[in-house]
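A.B. asks: mind looking at a prediction? Sequence and model below.
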Amino acid sequence: MTTLLTLTRPQKAAAILVAMGKPAAGRLLKFFKQEELKSLIDAARMLRTIPQADLEKIVAEFEAEFTEGAGLLDSADKMDTLLNETLSPEEVSAIMEGRQKKPDPGPLPVWPQVEKLDATRIGAFLAGEHPQTGALVLSKLSSQLAAQVLLTLDKSLRAEVMKRMVTMASAPQAAVRIMENQIRTRLLDGSSSKDTSSGQARLASVLNEMDKARLDEVIQDLESIGTPDLAGVKARVFSFDDMHLLPQKARVLVFDGLSTDVITRALRGAPEELTEAVLSAIGARARRMIESELSLGSEGVALADIMQARKTVASATVRLSRDGAFELPGAQAASEAA
């Protein structure tokens with residue numbers, strides 16, 4: 001039950017409007033400002049039962065004359081009814097939207113978006129920034145992405161950035177906000193450079209379907225016509241014939257997830273150096289089984305089956321590289337050139 005002592009002025013006004021009934025209250029509501037109507041709605045929702053004696057005191061306080069003095073029940077529901085029957089739907093909607101409107105959450109956080117970018121794009125952005133800025137940006141990224149970005153930087157810049165990462169204390173929030181705004185406008189919005197990583201990935205996936213000879217030929221053609229961002233494409237390209245260029249640990253990861261049948265078919269007709277690079281990455285028992293099969297020759301094995309097995313191995317290698325397990329030889333070459 002609501003008592004007179006606990007009522008606010010808006011609650012008293014809401015109580016009187018409900019007591020007046022729809023016709024009179026409706027005429028009065030037309031004169032209220034939107035802010036005042038919001039206040040009345042909020043006040044009415046807090047009302048409970050108002051005894052008749054308290055209602056009479058409220059009426060006297062406002063110096064108004066009422067002929068009925070019945071107590072009030074469900075004031076919130078009655079106020080809603082008054083509003084709906086005396087104001088247009090558009091007016092009611094405007095009032096309710098004003099009450100429920102949430103503050104602008106502001107721009108999306110920067111760093112989760114940066115994490116989705118290609119390392120080469122982030123590196124290109126940092127190449128034009130002060131090493132201290134590079135250290136600040138890398139300190140906000142995951143260790144895996146930060147390492148990939150570092151490998152794209154020029155050696156001298158890379159060393160300066162890492163030196164500052166070692167000595168860098170907590171950056172002032174003002175400096176972080178300035179950096180985030182720079183990243184938002186120049187890196188995420190693409191005003192400083194266009195993100196071609198998706199196009200590079202698409203072209204690389206096409207090239208990875210070709211055999212080694214055709215692949216090398218197409219790469220040379222792309223180089224001759226000055227294809228932009230070709231380094232990003234090369235970093236994603238891999239064929240079975242490049243397997244010996246991978247480090248031992250990377251080869252072990254690749255063949256650990258492949259069946260001996262696929263490995264055997266892929267090695268049929270392969271050069272000795274490539275065969276040894278593959279066999280050295282698998283267990284002794286599996287190696288003996290594969291060597292035994294290879295000693296029987298490739299007669300009766302379709303060339304298409306051999307090429308399909310080699311594509312399976314290459315695809316598994318590219319997938320592991322994309323997941324961050326290791327870098328492909330093309331990406332390693334690009335880092336060394338930088």
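C.D. replies: Great, that's in hand.

A.B. asks: from now on I want contacts and neighbour counts done on CA atoms only, so please keep to that.
C.D. replies: Will do.

A.B. asks: and the gap between Ser39 and Met307?
C.D. replies: Per C-alpha to C-alpha, to the nearest Å, Ser39 is found 76 Å from Met307.

A.B. asks: which residues sit in contact with Leu188?
C.D. replies: Gln113, Val114 (C-alpha atoms under 8 Å, 6 or more residues apart in numbering).

A.B. asks: repeat that for Leu207.
C.D. replies: Counting by C-alpha under 8 Å, 6+ apart, Leu207 makes contact with Leu215, Val237.

A.B. asks: tell me the pLDDT of Leu246.
C.D. replies: Leu246 carries a pLDDT score of 94 in this model.

A.B. asks: how many neighbours does it have?
C.D. replies: By other C-alpha atoms under 10 Å, the residues close to Leu246 number 17.

A.B. asks: for the closest residue to it other than its chain neighbours, what are its contacts?
C.D. replies: Once flanking residues are discounted, Leu246 sits nearest to Pro329: 6.4 Å by C-alpha to C-alpha, 6 or more residues apart in numbering. With contact set as C-alpha under 8 Å, 6+ apart, Pro329 has these partners: Ala235, Phe238, Asp242, Leu245, Leu246.

A.B. asks: below-threshold pLDDT in the stretch 151-300 of the chain: ranges please.
C.D. replies: For the stretch 151-300 of the chain, applying pLDDT under 70 flags the ranges 189-198.

A.B. asks: for this structure, which helix is longest?
C.D. replies: As assigned by DSSP state H, the longest helix anywhere in the chain is helix 303-322.

A.B. asks: got a quick PyMOL command for the buried subset of the contacts of Pro329?
C.D. replies: In PyMOL, a selection of the buried entries from the contacts of Pro329 looks like this (16 or more other C-alpha atoms under 10 Å):
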select buried, resi 235+238+246
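
A.B. asks: of the contacts of Pro329, which is the nearest to Thr264?
C.D. replies: Closest to Thr264 out of the contacts of Pro329 is Asp242 (17.0 Å), distances taken as C-alpha to C-alpha.

A.B. asks: and what about the closest one, helix, strand or coil?
C.D. replies: helix (DSSP: H, G, I helix; E, B strand; the rest coil).

A.B. asks: nearest residue to it in space, please, no chain neighbours.
C.D. replies: Closest residue to Asp242 apart from its sequence neighbours, by C-alpha to C-alpha, 6+ apart: Pro329 at 7.7 Å.

A.B. asks: hang on, the earlier thing: tell me which of the contacts of Pro329 is nearest to Ala159?
C.D. replies: Nearest to Ala159 among these: Ala235, at 22.6 Å, using C-alpha to C-alpha.

A.B. asks: touching, the closest one and Arg322? I think so.
C.D. replies: No. Between Ala235 and Arg322 there is no contact, the gap being 10.6 Å when judged by C-alpha atoms under 8 Å.
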